[in-house]
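J.: kindly return the folded structure for what I paste below:
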Amino acid sequence: MAQFCEKTLPKDSIYAFLHDERNRLFPDEAFVDLFSGRGRQSVPPSVIATVMVLQRLQGCSDREATERYAFDA
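T.: Purely as a prediction, here's the structure:
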């Protein structure tokens, strides 16, 4: 995924910025109290936070954001 992003995203885009800085902006440890250690593993909190930022910027509904993430992933 990293190579794809580096090759295809404009360096000055919000997408490249979030790709490069996601873990620094939204460290998974900051969300540990929101997730249970039981059950199946969820999407990492840093990914969820990034999708929420993009959702707001793009004006997407929850369903649209989920569909876009599923398609891109």
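
J.: residues touching residue 31, list them.
T.: Residues near residue 31 by C-beta atoms under 8 Å, 6 or more residues apart in numbering: 45, 46, 49. (C-beta placed from N, C-alpha, C; glycine too.)

J.: for the last one, which non-adjacent residue is spatially closest?
T.: Right, the one you point to is residue 49. residue 26 (3.8 Å; C-beta to C-beta, 6 or more residues apart in numbering).

J.: please list all residues in contact with that neighbour.
T.: Shown here is residue 26, whose contacts under the criterion C-beta under 8 Å, 6+ apart are 45, 46, 49, 50.

J.: in this structure the second one contacts residue 28, no?
T.: Yes - Residue 46 is in contact with residue 28 according to C-beta atoms under 8 Å; the separation is 5.3 Å.

J.: ok, those two, which is more surrounded?
T.: residue 46 (19 against 14; other C-beta atoms under 10 Å).

J.: where is the longest helix in this protein?
T.: Longest helix in the chain, counting residues (DSSP state H): helix 45-58.

J.: do you know how far residue 68 is from residue 7?
T.: 20 Å (C-beta to C-beta, to the nearest Å).

J.: make that residue 60, sorry
T.: Distance from residue 60 to residue 7, by C-beta to C-beta: 25 Å.

J.: more neighbours: which of these two?
T.: Higher neighbour count among residue 60 and residue 7: residue 60, with 17 against 7, using other C-beta under 10 Å.

J.: for the more buried one, give its distance to residue 71.
T.: For residue 60, the distance to residue 71 - C-beta to C-beta - is 12 Å.

J.: over to residue 24?
T.: 26 Å.

J.: which SSE is the residue lying farthest from the centre of the chain in?
T.: Distance from the C-alpha centroid of the chain peaks at residue 38, with 22.2 Å (C-alpha atoms, centre = their mean). Counting by DSSP states H and E, residue 38 is held by no secondary-structure element, helix or strand.
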